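Undergrad: sequence and predicted structure, then a few things I'm wondering about:
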Amino acid sequence: MLLRKLTLEEFGAYRGRQSLDLTPRKKKPIVLIGGLNGCGKTTLLDAIQLALYGPRARCSGRGSKPYEMFLRESINRQADPSRGSSVTLEFTVVMDGREHYYRVVRSWHTSGKSLKEFLNVYVDEEYGEKSRSGRRVTPQGKFNRLLSEGWADHVEDLLPLEIASLSFFDGEKIESLADPERAASVIESAVHSLLGVSTVQQLRTDLLALQRRQKLSDEDQHLMDVIHAQEQERETVQKEVEVVHQDLAHRRSDLAKAKRKLETLERAFEKEGGGLFERRVELETERKQVAGQLAEARAALVQVAAGPLPLLMLDAQIKDVRKQAEQEQAAAEAGQVLDVLAERDQWLLDLLPEAARATVLEELEADRTRRAQATALPVDFDLPHDALAQLSILNEGLDRDRARATELLALAATTAEHLDELDRQLAGVPEKSKVEAIQTARAEQLKEVARVQAECDRGSQRLEELKRRREDITASLKRAHNDFVRTKVKAEEVERIIKYSEKARATLDRFGGALLQRHISRLEVAVLQSFKELMRKQGLVKDLRIDTDKFTLTLSDEEGEPIDPGRLSAGERQLLAVSLLWGLMKVAGNRLPSVIDTPLGRLDSKHREHLVDRYFPNASEQVLLLSTDEEIDEYLLGRLKKSVARMYTLAHDDKEFTTRVVEGYWWTTGAPHVA
């Protein structure tokens, strides 16, 4: 499917008739539409969906409003409601090797207190031909009444509503797809509808219907009554499932609103210093402990200083005393040696002959003279003989006290800094009167969130009970049909039909399983490849797996350990969701257009470049980007421009509250400049 043209007339903020040519060009799939917040970008997305799906369209501006009220409010406030509004979507679809041109015109206007809506569908217009003047004409085509009346069913064949959510999405809300349950439902819907698995299931269902028609041809009244009763019961349960499902959707919407309000109160509470207010007792206790630790450290310093530590200031003098002690000890030892040498020398001389005594006596006297000179000190303090030992003990004590003092000084400095920080925090604690009201409102909102959460849980439980009941009834109904077949089917033709239908259903069952596994395997590779192409952290995710039963998506790291999606940043979760959609589009062959509103929210500059360079030009054969000037800015426009076929800017008149479509984009010729 390719979108060709979108025309709005008195729709939302769009005054008068505004048209956008959406046709891509060769190797230029992107149509870039810029607009500031509130200028009507999301309105364009709503208009496309409204034209296709009418009351079933998931328009962002509708919420829980009734469809008629939404249409009334969609008429431009300056327009005449009796003339009303309209949206026209033109697109082409290739079916059976032939391209068909569609123009869908959905219009509505008020008539008194009522509102009238019209849907006209034109098929196979004179698309691509020119008028006699040479200008391309606006296709008029053939109005198809039957197709217009049955459009709700026909559009499901062209683009099922569940698949449309994969093609038309809001970038700010896409992060929710990173949630495992939400991703599972999207994967299941896409695999079954977009990749053709549902066709196999439909064939099995059709074969089962064929069997049942044969079974009912000759059954008795009792079995007829049983089967009819069970079918009615199943229909009743199905309706109740739909009611509970719808109510649960509203409850979840209320829960989301309650959580957003709680987040607002939390931010306000934090802004007023509520976190410090709640921690004030803890901070005061901690300050008391830290102050005590500082006092203990200072007392320990005083105690260390009361010992020999001050002698560290006399380090040079102590070294001199040690040197003097060494000299005095050496002199004392030399004096003791002289006395011994005198006795030894006399004994030696007595042993020598007279002729050798003079020479030896001279040498011995010279030796004693040298030794006597060593005993002569310039200064003699007459230090005790163990002075050196006492000085060694003193040095050991000083080294120990120095290390202890250094440790205590560092501890005191760190503790004092911690104490100063606690004092600053305590000084920032607000008065009780400033945060009491917000604290009370936050507590009440917490109760409200818990209440709505409980309602959602009860609704989910009720829904599961009904689904189990529906499954039980379906199984019982199947057994009743099987009993009826075994007891009542007589004709050979009926038996043959049932026999081969069963074989065909079994074959389709195996084929469907194999097809599902094949698509899941391809999808795993495509999503992982897309995620790695977009991610800045290449080593964050190593593998990705999708369960074929529950369709849950599991990420794993380099060690093969599962990665909780909650560990990913908001930008990484958004990229994971984009990768999921991109992977689905790759596996589906890029046959559908991608319309992306607010494409770059919550992403840093590197991830934005990855999306611009790698995703947008390759997301599909046609990509509509609805962006603000801060998302696709002048720098990113330069990187994207080679893939852009057309550019528009939504110029908003703040006085008239209207929007008009201008060709060109900011920083290009013809487009309004950003203030």
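TA: Ah, there it is.
Undergrad: tell me the contacts of Arg591?
TA: By CB atoms under 8 Å, 6 or more residues apart in numbering, the residues touching Arg591 are 1, 621. Every residue, glycine included, has its C-beta placed from N, CA and C.
Undergrad: again, only using 7 Å
TA: Arg591 makes contact with Met1, according to CB atoms under 7 Å, 6 or more residues apart in numbering.
Undergrad: okay, and it sits in which element?
TA: Secondary structure assignment for Arg591, by DSSP states H and E: no helix or strand.
Undergrad: and it, what's its pLDDT?
TA: Per-residue pLDDT puts Arg591 at 71.
Undergrad: please parse this structure into its domains.
TA: Dividing the chain into domains by automatic domain parsing, as the record does, gives the ranges 223-273+430-479, 283-427.
Undergrad: which one of those lies closest to Lys532?
TA: Closest approach to Lys532 among the domains of the chain (CB to CB): domain 223-273+430-479, 31.4 Å.
Undergrad: what's the local residue count around Leu477?
TA: As a burial measure, Leu477 scores 18 neighbours (other CB atoms under 10 Å).
Undergrad: is it in contact with Gln232, as I believe?
TA: No. When contacts are counted by CB atoms under 7 Å, Leu477 is not listed as touching Gln232 (10.6 Å).
Undergrad: picking that back up, redo the domains of the chain as a markdown table? Include mean pLDDT and distance to Leu575.
TA: Conversion of the domains of the chain to a markdown table gives the following (pLDDT from 0 to 100; distance: least, CB to CB, whole Å):
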| stretch | mean pLDDT | distance to Leu575 |
| --- | --- | --- |
| domain 223-273+430-479 | 82 | 22 |
| domain 283-427 | 75 | 37 |
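Undergrad: and Leu36, which of the three is it?
TA: In three-state terms, and counting by DSSP: H, G, I helix; E, B strand; the rest coil, Leu36 is coil.
Undergrad: for it, list the residues it contacts.
TA: Leu36 neighbours (CB under 7 Å, 6+ apart): 628-629, 652.
Undergrad: chain center to the helix ranked longest in the chain, what's the gap?
TA: Secondary structure assigned by DSSP state H gives helix 432-488 as the longest helix of the chain. What separates the centre of helix 432-488 from the centre of its chain is 27 Å, taken as CA atoms, centre = their mean, to the nearest Å.
Undergrad: write a PyMOL command that selects only the buried members of the contacts of Leu36.
TA: Filtering those down to the buried ones (16 or more other CB atoms under 10 Å) takes a single PyMOL command:
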select buried, resi 628+629+652
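Undergrad: columns pLDDT, secondary structure and distance to Arg267 on top of the contacts of Leu36, output as a markdown table?
TA: Converted to a markdown table, the contacts of Leu36 look like this (pLDDT from 0 to 100; DSSP: H, G, I helix; E, B strand; the rest coil; distance: CB to CB, whole Å):
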| residue | pLDDT | secondary structure | distance to Arg267 |
| --- | --- | --- | --- |
| Thr628 | 86 | coil | 23 |
| Asp629 | 84 | coil | 27 |
| His652 | 86 | strand | 29 |
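Undergrad: of the contacts of Leu36, which is the nearest to Thr440?
TA: Thr628 (37.7 Å).
Undergrad: ok, now which ones touch that closest one?
TA: Applying CB under 7 Å, 6+ apart, the residues contacting Thr628 are 35-37.
Undergrad: switch the residues you listed over to CSV; also include distance to Glu68 and pLDDT.
TA: As requested, the contacts of Thr628 are arranged in CSV below (distance: CB to CB, whole Å; pLDDT from 0 to 100):
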residue, distance to Glu68, pLDDT
Gly35, 28, 88
Leu36, 31, 88
Asn37, 28, 85
